[in-house]
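K.L.:
Here's a sequence, model it:
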Amino acid sequence: MKRLAALAMAALLALPSHAEPLAFGLFGDTPYNQWQRDNLPELIAEMDGEDLAFVVHDGDIKSGSSVCSDETLKDVLSVFQKSRHPLVYVPGDNEWTDCHRKSNGGYDPLERLDKLREWFFPSDLALGQRPLKLQRQSRDPAFAKYRENVRWEAGSALFVGLNVPGSDNNFKGTRRSGGPVAEFIERGAANKAWLAQSFALARSKRLAGILIVIQANPGFHAANAGNPSPGYRDFLAQLREETQAFAGQVVLVHGDTHHHRIDQPLEDPNTKETVKNFTRMETIGSPFFGWVRATVDATDPQVFRFSPRFWKTPPGY
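P.N.:
Numbering: from 1, shown residues only. Reported below is the predicted structural model:
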């Protein structure tokens, strides 16, 4: 508690640096079917037509019941690479943790994750046609394989991507019972280090905000009720502590549960009060199709603002 209080006091004394406002795009949980795959290039073309600094896909580039083949993954990658804007991709459960399912082709999830790392994160640049230099956690020899964990600075804010997928964050792996698997433990240590370093960097540079992108809905309401999912318990506790010790605004962007929303679900476990400088934004997900136009502006008290763009209504809805 003394450490938290000291950090909070230091954060309050820090004045945010200022930069020009900028806009960016957020989308995820798509494509889930052939209609969405057919229209994905047009969706990206719409974002291409706007003055955006970058776009971010927060995971699930296929449905949870479709095959995790090389062809499926590379097909979506080819569309992402045609984005005029830099495109940052954060992995979802449908493309690796759930690939052991029979309907997915019975793949080894860790082999699929290795392929994602090889194909989607081959360099320190984002995907897309316009370069954006990213800092990858893999530059640290202690976390050399975690190429998907990234961060970059823009508009007086820090943007952070973490591999925290659905299906309880791969807590049990392919097992139905038991404690955490080695992959979960090792990746959890990497995520913890990356998140702590990112907040420390944002504080040291006196940034106005930090936006964190993961795929999973980590279950805020269950955590507030004292029953957090084991796969997200430590992440949520760290997120809360770091946020309370940060002077600026914190946003968590995620997908997973396919319900676009903007709210403030993070609570202090001791007081049950809402953590005022934290906002959750869930992107538009299948069966709906669209993206969210976001802005970051250090002169705005909220720092981040979001405007959903429901692009088309899919057939049958």
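
K.L.:
Walking through the chain, point out its helices one by one.
P.N.:
Shown for the chain, the helices assigned by DSSP state H span residues 2-13, 34-48, 70-81, 109-120, 166-169, 182-204, 220-224, 233-244.

K.L.:
CA atoms only for the third one - export them in PDB, please.
P.N.:
Pointing back at helix 70-81 there. Only the C-alpha atoms of helix 70-81 are listed here, as PDB (Å, rounded to 0.1, in the frame of the first residue of the first chain):
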ATOM      1  CA  ASP A  70      -2.100 -22.200 -42.900                       C
ATOM      2  CA  GLU A  71      -4.200 -21.100 -45.800                       C
ATOM      3  CA  THR A  72      -6.800 -19.400 -43.500                       C
ATOM      4  CA  LEU A  73      -4.200 -17.500 -41.500                       C
ATOM      5  CA  LYS A  74      -2.200 -16.400 -44.500                       C
ATOM      6  CA  ASP A  75      -5.300 -15.300 -46.300                       C
ATOM      7  CA  VAL A  76      -6.300 -12.800 -43.600                       C
ATOM      8  CA  LEU A  77      -2.600 -11.700 -43.300                       C
ATOM      9  CA  SER A  78      -2.600 -10.900 -47.100                       C
ATOM     10  CA  VAL A  79      -5.600  -8.600 -46.600                       C
ATOM     11  CA  PHE A  80      -4.000  -6.900 -43.500                       C
ATOM     12  CA  GLN A  81      -0.900  -6.200 -45.500                       C
END
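
K.L.:
residue ranges with poor pLDDT in the protein?
P.N.:
The chain contains residues with pLDDT under 70 at 1-18, 312-317.

K.L.:
quick one: the strands in it?
P.N.:
22-27, 55-57, 87-89, 135-136, 150-154, 157-161, 209-213, 249-254, 261-263, 278-282, 289-296, 304-312 (DSSP state E).

K.L.:
Make JSON lines out of the ones you listed and add mean neighbour count and distance to Pro109.
P.N.:
For every residue, glycine as well, the C-beta is placed using N, CA and C. Shown next, in JSON lines, are the strands of the chain (neighbours: other C-beta atoms under 10 Å; distance: least, C-beta to C-beta, whole Å):
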{"stretch": "strand 22-27", "mean neighbour count": "22", "distance to Pro109": "24"}
{"stretch": "strand 55-57", "mean neighbour count": "27", "distance to Pro109": "20"}
{"stretch": "strand 87-89", "mean neighbour count": "26", "distance to Pro109": "18"}
{"stretch": "strand 135-136", "mean neighbour count": "18", "distance to Pro109": "21"}
{"stretch": "strand 150-154", "mean neighbour count": "19", "distance to Pro109": "21"}
{"stretch": "strand 157-161", "mean neighbour count": "25", "distance to Pro109": "19"}
{"stretch": "strand 209-213", "mean neighbour count": "26", "distance to Pro109": "21"}
{"stretch": "strand 249-254", "mean neighbour count": "25", "distance to Pro109": "20"}
{"stretch": "strand 261-263", "mean neighbour count": "13", "distance to Pro109": "29"}
{"stretch": "strand 278-282", "mean neighbour count": "22", "distance to Pro109": "24"}
{"stretch": "strand 289-296", "mean neighbour count": "22", "distance to Pro109": "27"}
{"stretch": "strand 304-312", "mean neighbour count": "16", "distance to Pro109": "31"}
